[in-house]
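Student: mind looking at a prediction? Sequence and model below.
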Amino acid sequence: MKKYFILFIFMLATFYLMANPANDETPPTAPVATETGTLTATGFTFSWSGATDDVGIAYYIIYQDGVKIATTPDTIYTLAYLSPGLSAQYSVATVDLAGNLSNQTTPVTVDLPDLSADFRYSWQQPHATVIETGDLEWKPEPFVFNPGESIRYIDYENGDDTNDGTSKASSWKHHPWDANATGNAAAETGIHTYVFKRGVVYRGVLQAKESGTTDNPIKLTSDPTWGTGEAMVYGSMQLNSGWIQADASTAPNIPEPEKVWYQDIVIPETKNIVELAGDELKPVRLARTPNFQHTPDDPLRTWPTMNRKKEENNNLWLTDDNFLTQDNPDYYKGGTIWSKEDAIVMCTF
């Protein structure tokens, strides 16, 4: 048994010496075939094959006119944001796991077409007309569902990120750009038209991680035949639980503290909180000093007023001796003072 054990260790050590990238000084081969496709005025796809290495390939380097412009672990890369009418040569080289670099492939010349003479971006199009009175009449472009070649469907209420997202029946819950996306939704990349179901509120933050091209953009839209109403994306979140009823110890100096409900919200600071009542959004009146009095005809009617004003060293100091009388600075920490002098301004401290 002892002899077999020693032999096994020897075999492992030999394998490690053979496969360890640190001992590899042989560069990989360059790809032997390159191809371009999906040519537009501002970009194209560049693909290749045939590269080999005795240990393993780490990634590829793409060159434009001999200058390194990008790297990728894949054998296809989309170049975007190029100048219309550009003519340049593109090549690729292989890098193995030990960092050895191959020669570059034979350059491929790519000539991008120019934009048509009548091409206009959407923001260059007129969206209003001048009427006889000199006023502007708003004429937005009518909505048209115009998806691209590849479509992904999103239904925040009933979708599932483990679906393939390629049909209404197999929609995702999250957009791939949402940090809460999982499964197939989180792994998706590329140029697609993302269709959000109408009548559904999507709750989340989308941070763009990629881009399309002028002729083939990434689209976020809705399909009039899928759902009713409008598709909406809200950066807010619902707080359906976790509310705590206050008392005199947790809400000191607040009249009738038992009417105050609170919770610690671990999200970026917000001063706008609403209650969802069916299809209606009702403002939740936050605790205020002095206590809140609802006057819908004039929201400022019962607000206290600054009774003293002083200018000193180019600073304007406003004082309220009737209500803002607390001596402890912590009393005001995290609060917001709304003050009015010719205009309403907000100062948070």
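Tutor: Structure received. Numbers count the residues shown, from 1 in each chain.
Student: now stretch 252-259: buried residues?
Tutor: Judged by neighbour count (16 or more other CB atoms under 10 Å), stretch 252-259 contains these buried residues: Ile254, Pro257. Placement of C-beta: from N, CA and C, glycine included.
Student: same deal with stretch 217-237?
Tutor: So, applying 16+ other CB under 10 Å, buried residues of stretch 217-237: Ile218, Lys219, Leu220, Thr221, Ser222, Asp223, Trp226, Gly227, Ala231, Val233.
Student: just the residues you listed now: which is nearest Gln124?
Tutor: Lys219 (18.6 Å; CB to CB).
Student: now do the contacts for the closest one.
Tutor: By CB atoms under 8 Å, 6 or more residues apart in numbering, the contact list for Lys219 reads Asn146, Pro147, Gly148, His192, Thr193, Tyr194, Gly212.
Student: which of those are buried?
Tutor: Applying 16+ other CB under 10 Å to those flags His192, Thr193, Tyr194, Gly212 as buried.
Student: for the third one, what are phi and psi?
Tutor: Phi and psi for Tyr194, reported as degrees, to the nearest 10, are phi -100, psi 120.
Student: now it: how far from Tyr156?
Tutor: Distance of Tyr194 to Tyr156, computed by CB to CB, to the nearest Å: 12 Å.
Student: same question, Ala277
Tutor: Distance from Ala277 to Tyr156, by CB to CB: 20 Å.
Student: ok, those two, which is more surrounded?
Tutor: It is Tyr156, of Ala277 and Tyr156, that has more neighbours when counted by other CB atoms under 10 Å, with 22 against 8.
Student: what helix or strand does the closest residue to that one other than its chain neighbours sit in?
Tutor: Distances taken as CB to CB, 6 or more residues apart in numbering place Tyr202 nearest to Tyr156, at 4.4 Å, with adjacent residues excluded. Taking DSSP states H and E as the definition, Tyr202 sits inside strand 201-203.
Student: can you list the strands that that strand pairs with?
Tutor: According to DSSP bridges, strand 201-203 has the following sheet partners: strand 232-234 (parallel).
Student: can you tell me what sits against stretch 152-161?
Tutor: 165-168, 170-175, 181-186, 188, 192-197, 200-204, 226.
Student: can you flag the buried ones in these?
Tutor: By 16+ other CB under 10 Å, the contacts of stretch 152-161 give 165, 170-175, 181, 183-186, 188, 192-197, 200-204, 226 as buried.
Student: tell me the one among the buried ones among the contacts of Lys219 nearest to Thr72.
Tutor: Nearest to Thr72 among the buried ones among the contacts of Lys219: Gly212, at 17.5 Å, using CB to CB.
Student: thinking again about what came up before, the residue nearest to Tyr156 and Asp178, how far apart?
Tutor: In terms of CB to CB, Tyr202 sits 9 Å off from Asp178.
Student: and if you look at Ile218?
Tutor: 14 Å.
Student: for the stretch 51-200 of the chain, what spans make up the helices?
Tutor: Shown for the stretch 51-200 of the chain, the helices assigned by DSSP state H, counting those that start in this stretch span residues 183-187.
Student: which residues of it fall in strands?
Tutor: 57-64, 67-72, 76-79, 87-96, 108-111, 128-130, 136-138, 151-154, 193-198 (DSSP state E, counting those that start in this stretch).
Student: so what touches the third one?
Tutor: Applying CB under 8 Å, 6+ apart, the external contacts of strand 76-79 come out as 38, 43-48, 60, 62, 69-70, 90, 191.
Student: what do you get for the last one?
Tutor: Contact with strand 193-198 is made by 147-148, 150-157, 168, 171, 175, 202, 218-224, 226-231, 233, as judged by CB under 8 Å, 6+ apart.
Student: again, only using 6 Å
Tutor: 147-148, 151-155, 175, 202, 219-220, 222-223, 226-229, 231 (CB atoms under 6 Å, 6 or more residues apart in numbering).
Student: return the distance of it from the chain's centre.
Tutor: Distance of strand 193-198 from the chain centroid (CA atoms, centre = their mean, to the nearest Å) equals 16 Å.
Student: pairing partners for it, with directions?
Tutor: Sheet pairing of strand 193-198 (DSSP bridges) gives strand 151-154 (parallel), strand 219-227 (parallel).
Student: now those as CSV including distance to Asn313 and mean pLDDT?
Tutor: CSV is the format used below for those (distance: least, CB to CB, whole Å; pLDDT from 0 to 100):
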stretch, distance to Asn313, mean pLDDT
strand 151-154, 55, 96
strand 219-227, 50, 95
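Student: for Asn103, which of these is the nearest?
Tutor: strand 151-154 (39.3 Å).
Student: might you report the residue contacts of the residue most central in space within the chain?
Tutor: By CA atoms, centre = their mean, the chain has its centre lying nearest to Gln207, at 0.8 Å. For Gln207, the contact set (CB under 6 Å, 6+ apart) comprises Trp177.
Student: what pLDDT does the model give it?
Tutor: For Gln207, the pLDDT comes out at 88.
Student: over to the one 10 residues further on?
Tutor: For Pro217, the model assigns a pLDDT of 85.
Student: now distance to Tyr332 too, for the strands of the stretch 51-200 of the chain, in TSV please.
Tutor: Shown next, in TSV, are these (distance: least, CB to CB, whole Å):
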stretch	distance to Tyr332
strand 57-64	55
strand 67-72	52
strand 76-79	53
strand 87-96	58
strand 108-111	63
strand 128-130	46
strand 136-138	44
strand 151-154	43
strand 193-198	42
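Student: and of the ones you listed, who's closest to Lys309?
Tutor: The nearest among the strands of the stretch 51-200 of the chain, by CB to CB, is strand 136-138 at 40.6 Å.
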